[in-house]
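# Sequence first, then the predicted structure:
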Amino acid sequence: MGVIGTSPPRSDGLDKLRGTAGYVDDLAGEDTWHGATVRTSVACGTVLAIDAAAARAADPDVVVVTAADLPGPNVLPVIQNDWPVLADGTIEHLNQPVALVAAPTRARARAAADLVSVEVEPSEPVLGLDAAHEVLASCSIDHGDVDVAIADAEHVIEGTFESGLQEHVYIETQGMLARVEGGVLTVVGSLQCPYYLQHALEAVFAPTGFEIRVTQATTGGGFGGKEEFPDQIGAHAALLAWKSGHEVVLLYDRHEDIIGTTKRHPARVTHRTAVSGDGTLIAQDIEVLLDGGAFVTLSPVVLSRAVIHAGGPYRCRNVRIRGRVLKTNTPPNGAFRGFGAPQSQLGAERQMDQIARRLGIDPLTARRINAYRDGDVTPTGQVLDASTSALEVLETTARRADFLTRWKTNESARVDALDDGAPRDGIGIALAWHGSGFTGDGERRLRARAGIEVDDGGRPWVLSASTDFGQGTEVVFQQIVAEALGVFPEDVGIRPPDTHLVPDSGPTVASRTVMIVGSLLHRAAREIRGRVGDGPEPFQERAAAWIAANGPLKAETMHQTPPGATFDESTYRGVAYPAYGWICDVVEVSVDPDTLLVTPRKVTVACDVGRAVNPALCAGQIEGGTLQAVAWAYLEEVKCENGRYLNDRLQTCLIPTTRDAPELDVRLVENPSPAGPLGTKGVGEIPMDAGAPATLAAIENATGIAASSVPATPERLLELMEDAP
Amino acid sequence: MTVAHRPTSLGDAIRLMADPVAVAVAGCTDLLVADLATGRRHAAVVDLSRLPELKGVREDGGVIDLGAGCTFTELRRDPLVRSHLSSLAEAAATIGGWQIQNRATLGGNIVNASPAGDALPVLLALDATLVLGGTQGTREIAYESFHQDYRKTALRQGELLVRIRIPRPSSTTWQAFRKVGTREAQAISKVVVAMSASLADGALRDVRIGAGSLAPTPVRLRAAEGVLTGRVPDAAAADDAASAARAEVRPLDDVRSTARYRRWALGNVVRRFVRGIRA
């Protein structure tokens, strides 16, 4: 039918435009009770007593839940099982949930929560990477002989690169609705991963014997912030529903969402690089430190991705990368678009700029010399396939943006600049790679499943747990299935991501949905088509006739990692990802010399997505992710003082407005991945990887100020300018 | 339970404001945000948006007379404001975003008394006078003496801000405005500066510089004004004014910026103003 590579309208578009889409807040009825959360007032310490007598006296209807009321273990199962449902004894971070309250209205719930008194014994919190010492996770890569290469090297260049917290600012804050009915505990919520919450609730409620059912409500954005965090708020809503006997909705307002939920891991990345006189990398010695916050949660896998990407998209025979996540007393940092790779590649790209400047070569040439070619071997020993597009995206972007000429013009203009207050122009380039799907052995262990079932009328339905939270997953799945069955996209139905209706396709994370789950659906659809057979009538008629003759028509497929594609997690050797996306950003800024205010003017991007199933949505992902990355570089900041986020409202937690958004010129490059039947690679996260270093490079080109950390706010730029040796 | 009054005359509004718990509102752009953040609720609000006495911009013998209820959209589009009070028109266009400018009023900006209020330095630079109405009748007060401390004003219990009167600048008066924010819209100032001056025989006269986000209230930069008065606005005068401005302020580190940056940027803005003065 040729529907792959076209951009049909999104299935969810009309409901959202009309305002009829059902977000969690819309699902609460007249009789639904409301929940509120009591949080700790110190970053570290001990809970001595929780007294809800005043709350109960003021409002006898309210229901209060503390750790003592839990039916089972006080733990949310994420990797290490150290994340409590509610603080019990030990307080590990400020605003940690310690008790829950339900009441017939939101105002009464909030009022009651404010009357619950928590007596604490404060102790000294550990804050910031300098003070942290407890290791939550570690991993390392060893490739070649770094020490010998560095000892023999012509040039050894060192650099340290830091990045701070970033808040997701998904447009819809976190929210969950729960009820217990006839032995079934149902939770409906704003989430990315229904089966994560399913497993969390199965653990928390194990002794009750409840059947657990989780459904995604219409979800307004996630960016990773609704990957693991919904385990906690979902369990909270469920506890309140169970204790109160009412349907309970628990919704955070923006302030509570910012103070109580996960952020991007702050990072410190240190490079020691050996290079030859012409700029060829000889050895990379890299350390990646992440601030994990108070609990392990997803940090080990964030670290793993950070470490594997830390060298950047560059060939190098000798690579040593050491990674550690350290514990501090802040809310746990977690999944956020890019998942560690943006932090580590910020270091790789700024280091590449520093190497180029030190050796007197331009930033484009330095990248051209070192970029991966197909057949190159990565630090984990993976041989890159024929769809390795680092050079293609680099050259395409540089040519479209006329990078080199303009970079050189700005370099000379800076030296001769007049004191006229005119904005200084700068242009910067960055190159990045991003592995699609789970890291290493993740997909093999997960064994994701998805399927197609055809109803009696011959309409095919997608069965998958992949969620659409704004990316356009649904229409892309419709296109993939339509292509395989020979129908139109709108002929394909999507069953809601509901754990009673769909198999576990794995979480909607890691740039894996189109590549991994899309491939499963494609296989399932091909299988259906094979069974039904081809013919002159439309598929629906043939399928209905087949069902009439043979009974139900359904196909379910399970992910199988191709033979040979193994990864050893103890040695970090092997195939780290089934496919890699490649991206190059050229960012143009102007900088006001009187205020050091940075204005991004234009970003030119070329990105290899393997195959663009829906080019409009693909470009949309790249545009949004690029804006998020650029803003992370110069604007977005969450300061943390004594364990408290200072930017805890949208008044101070700033993201770009429409007027801050630069012009975006996005070029999709399609070099199909041999790893799957569709040739697709991930696109959700890779746009987060190159925007920030390219922005810092552009600021340097404009001002001569070489920022090595983000965000490069005017305040930081001033310090760098005035304190430079 | 909040009682909302919607009076249609100033007299009625003043009578309603005699209730000590009553809070006056116009665009509500500050009050709603603050109340949502604090959970505070008011027993009575008095909506000033229907009062004709608070509307309109007019010229009144050598004075541009602005209604306290004028929205920033009205101000930045008003022909009198655009031709005589260009710095106010510029300030009006930088406040919040378009939606805020459609609702927020000049009077609200003044009475809300945030040290970061973007229009406030302009009123200092243009030597505004405020007309206040209360049960005792109306009185006038120099805008400069209106802000007494952080969010404390000279407004008495039950009094309302009615008009803002600005001496019409002469044709030789030079005005400038600069807001240093964090982003292109919906940003609270890190530093905000307005200046007016006239040139006589090549030398600066009547120099007034107002600045915000540097102290508990908007402030005049008197040392910088003194440095410039009688000077030719050349590069040396610009540098001296910048140094004086930096030396006379005591800004703070806060969530939006640092004292160091505020002082540095303030000096640069003043310097750039002076270098831009043309006869």
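All right, it came through fine.

# Quick check on the closest residue to A:H155 other than its chain neighbours: phi, psi?
Nearest non-adjacent residue to A:H155, counting by C-beta to C-beta, 6 or more residues apart in numbering or on different chains: A:V275, 4.9 Å away. Every C-beta, even on glycine, is put in place using the N, C-alpha and C of the backbone. Torsion angles at A:V275 (phi, psi; degrees, to the nearest 10) stand at phi -130, psi 150.

# from memory A:V275 sits against A:Q284, does it?
No. A:V275 lies out of contact with A:Q284 (C-beta atoms under 8 Å); the separation is 9.7 Å.

# Could you check which of the two has the larger neighbour count?
More neighbours surround A:Q284 than the other of A:V275 and A:Q284, with 29 against 25 (other C-beta atoms under 10 Å in any protein chain shown).

# What is the burial count for the residue in the stretch 451-600 of chain A positioned nearest to chain B?
Here the stretch 451-600 of chain A gets closest to chain B at one residue, A:D594, 3.8 Å apart by C-beta to the nearest C-beta. Using other C-beta under 10 Å, A:D594 is surrounded by 19 other residues.

# I figured it hits A:G421, correct?
Yes. If you go by C-beta under 8 Å, A:D594 and A:G421 touch, sitting 5.7 Å apart.

# what do those two both touch?
Both A:D594 and A:G421 are in contact with B:R272, where contact means C-beta atoms under 8 Å, 6 or more residues apart in numbering or on different chains.

# quick one, what contacts the residue nearest to A:H155?
A:153-157, A:281-282, A:355, A:359.

# mind giving me the domain split of the chain?
Using chain A here. A:13-20+A:448-558, A:31-124+A:169-260, A:267-439+A:572-723 (automatic domain parsing).

# Correction: the question concerned chain B.
According to automatic domain parsing, chain B comprises the domains B:3-112+B:127-167, B:173-275.

# could you pull out the helices for the stretch 401-550 of chain A?
A:403-415, A:442-446, A:473-485, A:518-532, A:539-550 (DSSP state H, counting those that start in this stretch).

# who's in contact with the third one?
Going back to what we said before, that points to helix A:473-485. A:1-4, A:6, A:8-12, A:452, A:460, A:462, A:464, A:466-468, A:487-492, A:494, A:508, A:513-514, A:517-518, A:521-522, A:525-526, A:528-529, A:539, A:613-614, A:617, A:678.

# And the residues you listed, which of them are buried?
Buried by 16 or more other C-beta atoms under 10 Å in any protein chain shown: A:3-4, A:8, A:10-12, A:452, A:460, A:462, A:464, A:466-468, A:487, A:489, A:491-492, A:494, A:508, A:513-514, A:517-518, A:521-522, A:525-526, A:528-529, A:539, A:613-614, A:617, A:678, out of the contacts of helix A:473-485.

# Go ahead and confirm A:I427 touches A:N701.
Yes. Counting by C-beta under 8 Å, A:N701 is a contact partner of A:I427 at 5.5 Å.

# shared neighbours of the two, anything?
A:407, A:410.

# Flag every residue of the stretch 1-150 of chain B that's near chain A.
B:33, B:36-37, B:39, B:97 (C-beta under 8 Å from any C-beta of the partner chain).

# TSV please, covering the residues you listed and showing secondary structure and neighbour count.
Listed next are the residues of the stretch 1-150 of chain B next to chain A as TSV, based on DSSP: H, G, I helix; E, B strand; the rest coil; neighbours: other C-beta atoms under 10 Å in any protein chain shown:
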residue	secondary structure	neighbour count
B:V33	helix	13
B:L36	helix	13
B:A37	helix	14
B:G39	coil	10
B:G97	coil	15
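
# Which two of these have the greatest separation?
The distance between the two most remote of these (C-beta to C-beta) is 25.5 Å, for B:G39 and B:G97.

# got the contact list for the residue of chain A most remote from its centre?
Here the centre of chain A is the reference, and by C-alpha atoms, centre = their mean the most remote residue is A:A549, at 46.4 Å. Counting by C-beta under 8 Å, 6+ apart, A:A549 touches no other residue.

# Could you pull up the contacting residues of the closest residue to A:G221 other than its chain neighbours?
In this structure, A:G221 finds its nearest non-sequential neighbour in A:Y170, 3.3 Å apart by C-beta to C-beta, 6+ apart. The contact partners of A:Y170, taken as C-beta under 8 Å, 6+ apart, are A:220-223, A:225-226, A:469.

# Low-confidence regions, the chain specifically.
Going with chain A. Across chain A, the ranges flagged by pLDDT under 70 are A:1.

# Sorry, I should have been clearer: chain B.
For chain B, applying pLDDT under 70 flags the ranges B:279.

# if I look at the residue of the stretch 601-725 of chain A found nearest chain B, how far off is A:T380?
When scored by C-beta to the nearest C-beta, the stretch 601-725 of chain A has A:R659 as its residue closest to chain B, at 3.8 Å. Note on A:R659: its distance to A:T380, by C-beta to C-beta, to the nearest Å, is 43 Å.

# Neighbour count: the two, which is higher?
Comparing A:R659 with A:T380 by other C-beta under 10 Å, the one with more neighbours is A:T380, at 22 against 12.

# quick one: contacts for the nearest residue to the more buried one once chain neighbours are set aside?
With C-beta to C-beta, 6+ apart as the criterion, A:T380 has its nearest non-adjacent residue at 4.8 Å, and that residue is A:A576. A:A576 makes contact with A:308, A:378, A:380, A:382, A:435, A:439-440, A:567, according to C-beta under 8 Å, 6+ apart.

# Can you tell me how far A:V476 is from A:P507?
In terms of C-beta to C-beta, A:V476 sits 17 Å off from A:P507.

# Compare the two (neighbour count), which wins?
Ranked by neighbour count (other C-beta under 10 Å), A:V476 and A:P507 place A:V476 first, with 28 against 23.

# what's in contact with the helix or strand containing A:V187?
Assigned by DSSP states H and E, A:V187 belongs to strand A:184-189. Residues outside strand A:184-189 that contact it (C-beta under 8 Å, 6+ apart) are A:24, A:27, A:175-180, A:197, A:201, A:205, A:208, A:210-217, A:230, A:233-234, A:237-238, A:241-242.

# between the helices of the stretch 401-550 of chain A, which one is nearest to A:S140?
helix A:442-446 (18.4 Å).

# This completes my enquiry, with thanks.
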